[in-house]
Each structure stands twice: as structure tokens, then as C-alpha cells.
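**Q** What would the 3D arrangement of this be:
(one chain, ligands or ions: 2)
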Amino acid sequence: MSIERLTLPAPAKLNLFLHILGRRDDGYHELQTVFQFVDHADELHFLPRADGQIRLHTALLGVDHDQNLIVRAARLLQKVTGCSQGADIWLDKRLPMGGGIGGGSSNAATTLLGLNHLWSLGANLDELAELGLTLGADVPVFVRGKAAWAEGIGEQLTPVELEEPWFLVAIPQVSVSTAKIFNDPLLTRNTPPSKVRPVLEWGGRNDCQSVVEKRYPEIHNALILLNKFVSARLTGTGSCIFGSFPNETEAVKVADQLPATLPSFIAKGSNISMLHRKLESLF
Ligand SMILES: C[C@](O)(CO)[C@H](O)COP(=O)(O)OP(=O)(O)OC[C@H]1O[C@@H](n2ccc(N)nc2=O)[C@H](O)[C@@H]1O
Ligand SMILES: Nc1ncnc2c1ncn2[C@@H]1O[C@H](COP(=O)(O)OP(=O)(O)OP(=O)(O)O)[C@@H](O)[C@H]1O
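**A** Ligands and ions are numbered 1, 2, ... in the order given. Just a heads-up that it's a prediction; the model follows:
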């Protein structure tokens, strides 16, 4: 019997808005945000190994093998389940790193769900989301795979039904450190708590945006440029910025007018992540 390779997407997310309500004693910030997925993704390939080793065969610039969130997620899952199997893993990286679209977190979530499937562990989404949270605040939403209103540090998730427009996501060529932005003295941390529907109606804002624009002129300039065509905003702590469109054609028209120095991609918004759509098709 041939052993089948499992191939799964690790899609990007956008923070449609991001409000910072306060700071906890452990330094993490209380947030209110809405996550929506886009149909643009890294791809991971998994093959089981009988010797228990975890081997990621794709190197990422600036990330040690053992620090890669894919390897950390795989080893964590092995440890908590006592699983004796290992895996060979390959990554096709398409999502910009440090882009605020959650690439590393999404890779971790796809690894947890992929290996849970490959190793027949039978862990449920609650267990995997809890495990994922120890790897990063953004991992649980990728594990659950539903567009969500998020509170707490981003882990208290309530699914929301949103319109699914097309997004143009522009990628200023800088990598933003999430930790640095959250530690910035200029960051405001006093947005009053709200309910999700009123914020969706007025649009909300990204509380990180003014600090990011001050620290990274490239992002400030990219926002000025994109705002000429569409109302544009930062996702997460950046660097990516985005605007929404009723259809793909309108998004392409704007992308065609951006300079080569500001790469971009166009993708449809989705309330169910590509990962979960693919997993459903496997059963
Ligand atoms: C900005 C967002 O992308 C919005 O979705 C997330 O809140 C960040 O999620 P993430 O990258 O998975 O974050 P983590 O890897 O857990 O944390 C990176 C750093 O961001 C800061 N951090 C993150 C999340 C949060 N609610 N408060 C924080 O202060 C912490 O300083 C932490 O050291
Ligand atoms: N598999 C991985 N893919 C991307 N980055 C990884 C991975 N493993 C570890 N990292 C590290 O995590 C950092 C953040 O990467 P990521 O692409 O998730 O940023 P991000 O999109 O800003 O995330 P977020 O929106 O969750 O803050 C990278 O700069 C890198 O050092």
C-alpha cells in the first residue's frame, strides 16, 4: 500500500478592524477584532514517518528549523498526545512574513489539524485551539476556521456571518515586529469595549495603524497611495494594507495602477477558511 501525501492550505487572515482596550499584567493586550479569511494561502505537504522525527524540508530565511512554528506545532502535538509517529513536511511559502496576515500562525494551525488527521489522533477543535494558543494569539482562529469576532487576547471567538467581498492586499516591503508595536509607548490602549454589530456598521479602526505609520514611512506612503483608489487600512500590526471591492475586476483595475515597488495580491474574502473547506472534502 502506498503512503499518501497530505496537502493542505494555510490561508491568510485580515483584521477588518482592531481595537485595543487595555493591557494585562502579563503584557498581552485586550483586543476586540474581527477576523476574516482570504482565499490566498501557503501550502503544506505532510508524509508520516515511523521513526518519530519531525523534519521540515523547507528553510525559511531568518527562522531556525526548530523555531519554525510548523516544527513547534508538530512537536507539541506529539508531546501532549504521546504519539510515536513523526512526519516529513514541506512548505510552499506564498504569504509575506511579518505581514499581519498571520502566515506563521496559519502554518501552525494547518500543522495541528493536518497531523491530527495523518496520525489519526482524534483530537477535537477545542483541544487543538487550546494547544494552538500556547504557540500564538492568532493560532486559535485558524484552528477553528470560521470568520470571528474576537475578544480577550484574540482567543475568545464568536463566529460571525460577514459579506465576502474581494480584497486587494498590498505588501509594503518591510517586516513589522508585532511585539515592538505592542510595546510602543505611543500605542493607544483605551478604546472602549463595544458590541460587534455597531462596530461593523461604523467600520471601526485599527488602533495600531498610527504607530505603524510613524515607525514605517513605507507603510504610511503605501496607505496614502492605496487610499486614492479605495478606503485602505492596516491588518494586524502590518505590514500589509487592504481595501475591499464588490468584484474581482474592480480590484484588478486598482492593482494594475500600483507601482512595482508595492506588490499586491487579490483574493476573495471567506467566512470558512480554505483549510476547513479542504478538510471537509477529505471525509
Ligand atoms: C496583532 C494580531 O495579529 C491581531 O490578530 C495578533 O494579536 C497577534 O497575534 P500573534 O502574532 O499570534 O501574536 P503572538 O505571537 O502571540 O505575540 C507576539 C507579541 O505580540 C504581543 N501581543 C500579541 C497579542 C496580544 N493580544 N497582545 C500582545 O501584546 C506580545 O507582545 C507578543 O510578544
Ligand atoms: N512557518 C512560519 N511562517 C512564517 N513565520 C514564521 C514561521 N515560523 C516562525 N515564524 C516567525 O514568526 C514571525 C511572524 O511571522 P508571521 O508571518 O506569522 O507574521 P504576521 O503575519 O505579522 O503574523 P501576525 O498577524 O500573527 O502577527 C516571522 O517573522 C518568523 O520569524
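**Q** ok, now which ones touch G204?
**A** G204 makes contact with L16, F17, L18, H19, V34, according to Cβ atoms under 8 Å, 6 or more residues apart in numbering. For the C-beta atoms, the positions are set from N, CA and C on the backbone; glycine is no exception.
**Q** Let's see that with 6 Å instead.
**A** Neighbour list for G204: F17 [criterion: Cβ atoms under 6 Å, 6 or more residues apart in numbering].
**Q** Pick out the residue of the stretch 101-250 of the chain closest to ligand 2.
**A** Nearest residue of the stretch 101-250 of the chain to ligand 2: G104, at 2.8 Å (Cβ to the nearest ligand atom).
**Q** Hmm, Q67 and that residue touching each other?
**A** No. Judged on Cβ atoms under 6 Å, G104 makes no contact with Q67 at a distance of 10.2 Å.
**Q** More neighbours: these two, which one.
**A** Comparing G104 with Q67 by other Cβ atoms under 10 Å, the one with more neighbours is G104, at 24 against 10.
**Q** Confirm that one sits in a helix?
**A** Yes. Counting by DSSP: H, G, I helix; E, B strand; the rest coil, G104 is found in a helix.
**Q** on that earlier part again, could you pull up phi and psi at the closest residue to the residue of the stretch 101-250 of the chain closest to ligand 2 other than its chain neighbours?
**A** With sequence-adjacent residues excluded and distances taken as Cβ to Cβ, 6 or more residues apart in numbering, G104 is closest to L69, at 4.6 Å. Dihedral angles of L69 (phi, psi; degrees, to the nearest 10) stand at phi -60, psi -20.
**Q** what do you get for G82?
**A** phi 70, psi 20.
**Q** what's the burial count for it?
**A** A count of neighbours around G82, defined by other Cβ under 10 Å, yields 7.
**Q** Phi, psi for L21 please.
**A** When read as degrees, to the nearest 10, the backbone of L21 gives phi -90, psi -30.
**Q** Would you agree it is in contact with T33?
**A** No. Between L21 and T33 there is no contact under Cβ under 6 Å: 10.5 Å.
**Q** Compare the two and say which is more crowded by neighbours.
**A** When L21 and T33 are compared for neighbours, T33 comes out ahead with 26 against 17, by other Cβ under 10 Å.
**Q** Quick check: what element follows the helix or strand hosting the more buried one along the chain?
**A** Element membership for T33 (DSSP states H and E) is strand 29-49. Next helix or strand after strand 29-49 toward the C-terminus (DSSP H and E): strand 54-56.
**Q** For F245, which non-adjacent residue is closest in space?
**A** In this structure, F245 finds its nearest non-sequential neighbour in A251, 4.2 Å apart by Cβ to Cβ, 6+ apart.
**Q** again with I266
**A** A251 (4.6 Å).
**Q** Just give the number of residues close to the one you found.
**A** A251 has 25 nearby residues by other Cβ under 10 Å.
**Q** I'd say it and A170 touch.
**A** No. Between A251 and A170 there is no contact under Cβ under 6 Å: 11.0 Å.
**Q** and this protein, which residues reach ligand 1?
**A** 15, 18, 27-29, 31, 33, 100, 105, 136-138, 153-154, 178-179, 182, 236-237 (Cβ under 6 Å from any ligand atom).
**Q** Let's see the ChimeraX selection covering just the buried ones among these.
**A** Listed next is the ChimeraX selection for buried residues among the residues of the chain next to ligand 1, using 16 or more other Cβ atoms under 10 Å:
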select :15,18,29,31,33,100,105,136,137,138,153,154,178,182,236,237
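**Q** Now go through the residues of the chain next to ligand 1 and say which are in strands.
**A** Among the residues of the chain next to ligand 1, DSSP state E puts N15, L18, H29, L31, T33 in strands.
**Q** Out of these, which comes closest to ligand 1?
**A** H29 (3.6 Å).
**Q** those helices in the protein, which residues are they?
**A** 69-81, 103-118, 125-133, 139-144, 178-182, 196-202, 209-215, 217-227, 248-255, 274-282 (DSSP state H).
**Q** Residues of the stretch 51-200 of the chain that sit close to ligand 2?
**A** Counting by Cβ under 6 Å from any ligand atom, the residues of the stretch 51-200 of the chain near ligand 2 are 60, 62-63, 68-70, 97-105, 107, 138, 178.
**Q** could you redo the last one with a cut-off of 8 Å?
**A** 60, 62-63, 67-70, 72, 91, 93, 95-108, 136-138, 175-178 (Cβ under 8 Å from any ligand atom).
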